[in-house]
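Asker: coords please:
(chains A and B)
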Amino acid sequence: AQSVAQPEDQVNVAEGNPLTVKCTYSVSGNPYLFWYVQYPNRGLQFLLKYITGDNLVKGSYGFEAEFNKSQTSFHLKKPSALVSDSALYFCAVRHDTGTASKLTFGTGTRLQVTL
Amino acid sequence: NAGVTQTPKFQVLKTGQSMTLQCAQDMNHEYMSWYRQDPGMGLRLIHYSVGAGITDQGEVPNGYNVSRSTTEDFPLRLLSAAPSQTSVYFCASSRTGSSYNSPLHFGNGTRLTVT
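Answerer: Numbering: from 1, shown residues only, chains lettered A, B, ... in the order given. Down below sits the predicted model:
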C-alpha cells in the first residue's frame, strides 16, 4: 500500500531561520509526491509536487522540497521562515487505483514560526 | 472564479438524522472527491468521481453516499448520522483523475457535529 509518514506533529522555528518539515514515503513504482498547506478554517492549498526530474522542486511562497530516492524522503524546506508560514502542512502521495489516481495524505505537521 | 464551493460551513445533527453536504466547482474539472479530516489522522478519502455518472469508494465510505449527475456538483449524503461522523469534510477537485500532474483544489470545508 502507498503511504506517507510525517514523523513530527509540530515544528517550531524562529523567523528568519531555515525550516524543514519531514516526510517519508512508501510506494510501489514511481513516487508522485505533493505538499499542501492548510491555514486556519481553510481548505488545503497546493504548494509543490515531484513527478520526475530534478530532485529539488521549487514551489509557492518560497518553499522547496528535496526528493531523496535512497532515503525515500521528500522534505519540505524554506531558507528563511516567516511568521505567516505558520500553518498545518501535509505531505501526500498520488497512486493509481485503476479507475483514477488518488492522493493519500500524511497526518500533518504543524509549523509554528515565532518572532 | 469561485473554485470549489462547499455548503453549509457548519452543521449540527442529532444521531440518526440525515443530511446532504453540497459541493460545486466551476473549473470544469473531471475529478471530484470527498475527504474527512480528523485530528491526528490527516485526510481520509470517502468517495470520489472521475466524471458525471461515475463514482467509486475511497478509504472510509461506510455511512456515506454520493452521486454525480453533473460535472459541477458532487453532493455527499449522510444516511443516518452517528457521533463517529463528527469531523471536518472537504470537497476537492482536479482537472483529471488520471493525470499525476493535476493538483487538487479544495473547498473551505464543512464542520459537522453529531450529538
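Asker: element containing the residue nearest the centre of chain B, please.
Answerer: By C-alpha atoms, centre = their mean, the mean C-alpha position of chain B lies nearest to B:Trp34, the distance being 2.7 Å. Secondary structure assignment for B:Trp34, by DSSP states H and E: strand B:31-38.
Asker: helices or strands up against that strand?
Answerer: strand B:19-25, strand B:42-51, strand B:87-94 (3 or more C-beta pairs under 8 Å, 6 or more residues apart in numbering or on different chains; DSSP states H and E). All C-beta atoms are positioned from the backbone trio N, CA, C, and that covers glycine.
Asker: export these to CSV and tack on distance to chain A?
Answerer: Output for the helices and strands packed on strand B:31-38, formatted as CSV (distance: least, C-beta to the nearest C-beta, whole Å):
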stretch, distance to chain A
strand B:19-25, 11
strand B:42-51, 4
strand B:87-94, 6
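Asker: deepest-packed of these, please.
Answerer: strand B:87-94 (a mean of 24; mean count of other C-beta atoms under 10 Å in any protein chain shown).
Asker: nearest residue to the residue nearest to the centre of chain B in space, please, no chain neighbours.
Answerer: Leaving aside its sequence neighbours, B:Trp34 sits nearest to B:Ile46 (C-beta to C-beta, 6 or more residues apart in numbering or on different chains; 4.3 Å).
Asker: surely that neighbour and B:Asn62 touch.
Answerer: No - using C-beta atoms under 8 Å, B:Ile46 makes no contact with B:Asn62, being 9.2 Å away.
Asker: if we can go back for a sec, kindly reformat the helices and strands packed on strand B:31-38 as CSV containing distance to A:Gly59.
Answerer: Converted to CSV, the helices and strands packed on strand B:31-38 look like this (distance: least, C-beta to C-beta, whole Å):
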stretch, distance to A:Gly59
strand B:19-25, 23
strand B:42-51, 19
strand B:87-94, 17
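Asker: could you dump the ones you listed to a markdown table with mean pLDDT?
Answerer: Below are the helices and strands packed on strand B:31-38 laid out as a markdown table (pLDDT from 0 to 100):
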| stretch | mean pLDDT |
| --- | --- |
| strand B:19-25 | 97 |
| strand B:42-51 | 92 |
| strand B:87-94 | 95 |
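Asker: wondering if stretch A:81-93 reaches chain B at all.
Answerer: Yes - using C-beta under 8 Å from any C-beta of the partner chain, we find that stretch A:81-93 touches chain B at A:Phe90.
Asker: ends of that stretch, what's the gap?
Answerer: 25 Å (C-alpha to C-alpha, to the nearest Å).
Asker: one step back: check the residue nearest to the centre of chain B and give its pLDDT.
Answerer: We have a pLDDT of 96 for B:Trp34.
Asker: wait, it sits on B:Phe90?
Answerer: Yes - contact criterion C-beta under 8 Å: B:Trp34 and B:Phe90 qualify, at 7.3 Å.
Asker: list the contacts of residue 2.
Answerer: As the question left the chain open, I've gone with chain A. A:Tyr25, A:Ser26, A:Val27, A:Ser28, A:Val93, A:His95, A:Thr104 (C-beta atoms under 8 Å, 6 or more residues apart in numbering or on different chains).
Asker: you answered for a different chain; I wanted chain B.
Answerer: Listed by C-beta under 8 Å, 6+ apart, the contact set of B:Ala2 reads B:Asp26.
Asker: what does A:Phe105 give?
Answerer: A:Val4, A:Tyr36, A:Phe90, A:Cys91, A:Ala92, B:Tyr35, B:Gly42, B:Leu43, B:Arg44.
Asker: interface residues of chain B facing chain A?
Answerer: B:4, B:31, B:33, B:35, B:40-45, B:48, B:50, B:54, B:56, B:58, B:90, B:92, B:97-101, B:103-109.
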